[in-house]
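Peer 1: Provided below are the primary sequence and the corresponding predicted coordinates.
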There are 2 protein chains.
Amino acid sequence: MFSQSLAPNTTQPAVYLRAPGADRGEELDHGLARASLRKIAVGEHAFLEGAPRSYIFKVESGALALYRSLGDGRRQVLGFGFDGDLIGLGARKCHLVGAQALKPTTLRCLPVPQLKQMINANPGLAARLYEAISEELADAQDRFFNVSQRRAIERVAFFLQKLSHRNEARGADPRVILLPMSRADIGDYLGLTLETVSRTLSELRAKGYICLKESRVVQLRNLNALNELVDSASDDVE
Amino acid sequence: MFSQSLAPNTTQPAVYLRAPGADRGEELDHGLARASLRKIAVGEHAFLEGAPRSYIFKVESGALALYRSLGDGRRQVLGFGFDGDLIGLGARKCHLVGAQALKPTTLRCLPVPQLKQMINANPGLAARLYEAISEELADAQDRFFNVSQRRAIERVAFFLQKLSHRNEARGADPRVILLPMSRADIGDYLGLTLETVSRTLSELRAKGYICLKESRVVQLRNLNALNELVDSASDDVE
DNA sequence: AACTCATTTTCACAAATTGACACAATCTGT
DNA sequence: ACAGATTGTGTCAATTTGTGAAAATGAGTT
């Protein structure tokens, strides 16, 4: 009845489908290095929902929100694209999500026909893309069960934890989180209103878990407490 | 302010990354046809959460629930595997989800090393897997925004609509839905309690949208109303 | 510096949804 | 036919979050 946490979704070697000795992405990086650069301003789109998938992108700098529009004008943010991320992946002919810049952003743009060529020349690349997208899937599933049944404070804690882990993985400080997105974006991501996000952040601050000097800079003061908040699937055993 | 529904996520040709003339899955099917069959009884697992990914599976008959356990013993059902589905995909070394049979189920089991061999021999296969998993991703995103912000009745309507579409895609009657899973499973899938699922189905019946002769057989009486329920992202413009 | 606009924080209030518990009814399989 | 599992309903409460509004903060501009 307790959280035994059976060695969960920490990063695992993700090489299973990749043929030994095959391309490990070097060619993709190489291709991307020569791909054209594109700069987009805040509010502009890398691609719109439903637009034909002509390119895949790698975020060089900046940040984007990946979203889908709901009927009534609201939107569901499905994720964010930060520097280093590949975005625009998928097998459909058209983008299922839109990608809008949250700050000035530069992208490497690799035309899909060229990507196809590269895949033909080096089949290992397909495995690389497969990995990238299955990570996205794992991520989506993670978010799914951290949002569908949980309260605002747990959702926000999850969000912060996620960004912290990301920092960690990239050698940045896991205790300082820079938010390129607004409270509204976070709300659309977590299924909350922006007021609730704000209120919840204040609550976390009041509890001493975080520190908010500037509204877009979060310092994690008590990482353990945050993690417990995320892990506690209502074992309110206090 | 209205639902313009810009030609959304209906199925699109999903051949973009696939090299022209490449394998369209025939080899995978061929390999699977020769793969060993495995029968599992209700309640047994095709694979457990966290178990090494030794095989990928194709569901020949039956149905499975794909789930992840939460800390307190509850679980989040992330999806279901029906006949024809490939399950066990992913790039991680271990399964992130468990797969438990909801009814007697038979599976084709393709060992991953063999899959790797096949991919080496026929690189187009990787593209096939890529497609399969990006469909899963699209699916997860769909579910995500149909669950995170919405009420029980909308969630249940979404669930039924989804199964109806699946039937349609496979040539079955889109108006008759056989549920291999219990109310509890549905609840775990939609982030509701089983009581709420039951109550909500009754409500849908009371409204004349559905018909429940046997508890595991749903007849959709008013498909339009159901679709509106799903689409209506609270345009309660009434 | 002053002003404007956008973002964020905070407050007060309602209230609607769903979970919880309990029990009846129904179904299933042996 | 019986026992156990699953499902349907009823009542109840209460917790959470949305809503609306307004103040505070911050950024950018002239």
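Peer 2: Received, thanks.
Peer 1: which other helices and strands contact the least confident helix or strand in chain A by mean pLDDT?
Peer 2: Here the helix or strand of chain A ranked lowest by mean pLDDT, DSSP states H and E is helix A:26-34, holding a mean of 77. Of the remaining helices and strands, those touching helix A:26-34 by 3 or more Cβ pairs under 8 Å, 6 or more residues apart in numbering or on different chains; DSSP states H and E are strand A:98-111, helix A:112-121, helix A:124-147. Using the backbone N, CA and C atoms, a C-beta is placed for each residue, glycine as well.
Peer 1: how far off centre is whatever helix or strand comes next after that helix?
Peer 2: Taking DSSP states H and E as the definition, the helix or strand that follows helix A:26-34 towards the C-terminus is strand A:36-40. If you compare the mean C-alpha spot of strand A:36-40 with that of the full chain, they lie 20 Å apart, counting by Cα atoms, centre = their mean, to the nearest Å.
Peer 1: buried residues, the helix or strand immediately after strand A:36-40 in the chain. List them.
Peer 2: Sequence order places strand A:45-47 as the next helix or strand after strand A:36-40, per DSSP H and E. The neighbour-count check on strand A:45-47 (16 or more other Cβ atoms under 10 Å in any protein chain shown) flags A:46-47 as buried.
Peer 1: name the helices or strands packed onto the very next helix or strand once past strand A:45-47?
Peer 2: Later in the chain than strand A:45-47, the nearest helix or strand by DSSP H and E is strand A:55-69. Under the contact definition 3+ Cβ pairs under 8 Å, 6+ apart, strand A:55-69 sits against strand A:45-47, strand A:75-82, strand A:86-87, strand A:98-111, helix A:112-121, helix A:183-190.
Peer 1: can you list contacts of the third one?
Peer 2: It refers to strand A:86-87. With Cβ atoms under 8 Å, 6 or more residues apart in numbering or on different chains as the contact definition, strand A:86-87 has outside contacts at A:46, A:56-59, A:64, A:66, A:81, A:99, A:132.
Peer 1: near DNA strand C, which residues of chain A are found?
Peer 2: Proximity of chain A to DNA strand C is assessed by Cβ under 7 Å from any atom of the strand, with A:149, A:182-184, A:194-195, A:197-199, A:201-202, A:212, A:215-216 identified as the residues in range.
Peer 1: sorry, back to before: what would the contacts of strand A:86-87 look like in CSV with distance to A:Arg38 and pLDDT?
Peer 2: Supplementary listing: the contacts of strand A:86-87 in CSV, determined by distance: Cβ to Cβ, whole Å; pLDDT from 0 to 100:
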residue, distance to A:Arg38, pLDDT
A:Ala46, 8, 96
A:Ile56, 12, 94
A:Phe57, 8, 95
A:Lys58, 11, 94
A:Val59, 11, 95
A:Leu64, 12, 96
A:Leu66, 17, 95
A:Gly81, 13, 95
A:Ala99, 12, 96
A:Ala132, 20, 88
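Peer 1: export the least confident helix or strand of chain A as PDB, just CAs?
Peer 2: As requested, C-alpha coordinates have been extracted for helix A:26-34 and formatted as PDB (Å, rounded to 0.1, in the frame of the first residue of the first chain):
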ATOM      1  CA  GLU A  26      25.900  12.700 -36.000                       C
ATOM      2  CA  GLU A  27      24.500  12.800 -39.400                       C
ATOM      3  CA  LEU A  28      21.400  14.500 -38.300                       C
ATOM      4  CA  ASP A  29      23.400  17.000 -36.400                       C
ATOM      5  CA  HIS A  30      25.600  17.500 -39.400                       C
ATOM      6  CA  GLY A  31      22.600  18.000 -41.700                       C
ATOM      7  CA  LEU A  32      21.100  20.400 -39.200                       C
ATOM      8  CA  ALA A  33      24.300  22.300 -38.900                       C
ATOM      9  CA  ARG A  34      24.100  23.100 -42.500                       C
END
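Peer 1: what distance do you get for A:Arg221 to DNA strand D?
Peer 2: 18 Å (Cβ to the nearest atom of the strand, to the nearest Å).
Peer 1: tell me the domain ranges of chain A?
Peer 2: According to the domain assignment given by automatic domain parsing, chain A is divided into the following structural domains: A:26-143, A:150-231.
Peer 1: out of those domains, the one nearest B:Cys109 is which?
Peer 2: Using Cβ to Cβ as the measure, domain A:26-143 is the one of the domains of chain A that comes nearest B:Cys109, at 19.8 Å.
Peer 1: does DNA strand D sit close to that closest one?
Peer 2: No - using Cβ under 7 Å from any atom of the strand, domain A:26-143 stays clear of DNA strand D, with a minimum separation of 9.5 Å.
Peer 1: mind checking how far that domain is from the chain centre?
Peer 2: 11 Å.
Peer 1: can you redo the helices and strands packed on helix A:26-34 as a markdown table with mean neighbour count?
Peer 2: Rendered in a markdown table, the data for those read as follows (neighbours: other Cβ atoms under 10 Å in any protein chain shown):
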| stretch | mean neighbour count |
| --- | --- |
| strand A:98-111 | 20 |
| helix A:112-121 | 16 |
| helix A:124-147 | 22 |
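Peer 1: dump those into TSV; add distance to chain B as well.
Peer 2: Supplementary listing: the helices and strands packed on helix A:26-34 in TSV, determined by distance: least, Cβ to the nearest Cβ, whole Å:
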stretch	distance to chain B
strand A:98-111	11
helix A:112-121	5
helix A:124-147	4
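Peer 1: so for A:Leu229, which of these sits nearest?
Peer 2: Across the helices and strands packed on helix A:26-34, A:Leu229 has its closest neighbour in helix A:124-147 (10.7 Å, Cβ to Cβ).
Peer 1: and A:Val176, how many neighbours?
Peer 2: Neighbour count of A:Val176, defined by other Cβ atoms under 10 Å in any protein chain shown: 14.
Peer 1: with A:Glu214 instead?
Peer 2: A:Glu214: 8 surrounding residues under other Cβ under 10 Å.
Peer 1: so where's chain A uncertain?
Peer 2: Low-confidence regions of chain A, defined here as pLDDT under 70, cover residues A:1-26, A:71-73, A:232-238.
Peer 1: now do the buried residues in the least confident helix or strand of chain A.
Peer 2: Buried residues in helix A:26-34, defined by neighbour count with 16+ other Cβ under 10 Å: A:27-28, A:31-32.
Peer 1: and of the contacts of strand A:86-87, the nearest to A:Ala140?
Peer 2: Nearest to A:Ala140 among the contacts of strand A:86-87, counting by Cβ to Cβ, is A:Leu66 at 10.8 Å.
Peer 1: residue contacts, the closest one?
Peer 2: Each residue near A:Leu66 by Cβ under 8 Å, 6+ apart is listed here: A:77-81, A:87, A:97-99.
Peer 1: ok, it to DNA strand C distance?
Peer 2: On the measure of Cβ to the nearest atom of the strand, A:Leu66 and DNA strand C end up 18 Å apart.
Peer 1: same deal with A:Pro174?
Peer 2: In this view, A:Pro174 and DNA strand C are 21 Å apart by Cβ to the nearest atom of the strand.
Peer 1: please apply the same query to A:Gly79.
Peer 2: From A:Gly79 across to DNA strand C, the span is 18 Å (Cβ to the nearest atom of the strand).
Peer 1: would JSON lines of the residues of chain A next to DNA strand C with secondary structure and neighbour count be doable?
Peer 2: Formatted as JSON lines, the residues of chain A next to DNA strand C follow (DSSP: H, G, I helix; E, B strand; the rest coil; neighbours: other Cβ atoms under 10 Å in any protein chain shown):
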{"residue": "A:Gln149", "secondary structure": "coil", "neighbour count": "22"}
{"residue": "A:Ser182", "secondary structure": "coil", "neighbour count": "15"}
{"residue": "A:Arg183", "secondary structure": "helix", "neighbour count": "20"}
{"residue": "A:Ala184", "secondary structure": "helix", "neighbour count": "15"}
{"residue": "A:Leu194", "secondary structure": "helix", "neighbour count": "14"}
{"residue": "A:Glu195", "secondary structure": "helix", "neighbour count": "11"}
{"residue": "A:Val197", "secondary structure": "helix", "neighbour count": "23"}
{"residue": "A:Ser198", "secondary structure": "helix", "neighbour count": "17"}
{"residue": "A:Arg199", "secondary structure": "helix", "neighbour count": "16"}
{"residue": "A:Leu201", "secondary structure": "helix", "neighbour count": "22"}
{"residue": "A:Ser202", "secondary structure": "helix", "neighbour count": "12"}
{"residue": "A:Leu212", "secondary structure": "strand", "neighbour count": "13"}
{"residue": "A:Ser215", "secondary structure": "coil", "neighbour count": "11"}
{"residue": "A:Arg216", "secondary structure": "coil", "neighbour count": "13"}
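Peer 1: right, I'll call it a day here.
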